[in-house]
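Trainee: sequence plus the predicted model coming up.
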Amino acid sequence: MNDPATVIVVGWMPDEFGEAALARAIEEARLRDGRVVVVNATRGDALVDERYADEDQLARLAAELGGAGIEVDVRRSMGADVGDQVLSVAGEVSADLIVIGLRRRSPVGKLLMGSVAQRILLGAECAVLAVKPTG
């Protein structure tokens, strides 16, 4: 009987942090013979959320993932907390690993806006890999 494939969930947004996380998730999937579940989430509390992909960005993502040679599922969601949305998908698919992009934030920024990365790191039932863009 074959072991089920490793499931890697990646919190993705159309910027350098999301791209770094996606690249590492694809690399991990290849190393572990796994599949990737991409989560693009928003709180939906602003008219325009730059972290929530538009149709052109999703088309570019699909083209990039099409050539990756691994099984990929892309999910978009809207909810009260982006971290909770990533964690919810991770639980739903029984993730073995969550990959997130990490950005530097000031202490005041963390206090006022919270931290999606911190929420995921503390709430995950599986391993979490935090990556930064190169440079």
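Mentor: Great, that's in hand. Bear in mind that the values here come from a model prediction, so they are computed numbers and not experimental data.
Trainee: helices of this structure, start to end?
Mentor: Along the chain, the segments classed as helices by DSSP state H run 16-32, 55-66, 82-92, 107-113, 116-123.
Trainee: ok, and what's touching the last one?
Mentor: Pointing back at helix 116-123 there. Under the contact criterion Cβ atoms under 8 Å, 6 or more residues apart in numbering, helix 116-123 has outside partners 11, 81-84, 86-87, 98, 100, 102-103, 110, 128, 130. Where C-beta positions appear, they are placed from N, C-alpha and C, glycine not excepted.
Trainee: pick the one among those closest to residue 72.
Mentor: For these, the closest approach to residue 72 (Cβ to Cβ) belongs to residue 11, at 14.4 Å.
Trainee: still on that earlier bit, ranking the helices of the chain by burial, who's on top?
Mentor: Comparing those by mean neighbour count (mean count of other Cβ atoms under 10 Å), helix 82-92 comes out on top with a mean of 21.
Trainee: thinking again about what came up before, would CSV of the contacts of helix 116-123 with distance to residue 38 be doable?
Mentor: Below are these laid out as CSV (distance: Cβ to Cβ, whole Å):
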residue, distance to residue 38
11, 8
81, 18
82, 14
83, 16
84, 17
86, 10
87, 15
98, 12
100, 12
102, 17
103, 18
110, 25
128, 16
130, 17
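Trainee: same list (those residues) but as TSV, adding pLDDT and distance to residue 61.
Mentor: Listed next are the contacts of helix 116-123 as TSV, based on pLDDT from 0 to 100; distance: Cβ to Cβ, whole Å:
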residue	pLDDT	distance to residue 61
11	94	13
81	88	23
82	90	17
83	93	21
84	94	22
86	96	16
87	97	21
98	98	18
100	95	16
102	86	20
103	78	20
110	56	28
128	97	22
130	93	21
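Trainee: quick check, nearest of these to residue 29?
Mentor: Proximity of the contacts of helix 116-123 to residue 29 (Cβ to Cβ) peaks at residue 98, which lies at 12.8 Å.
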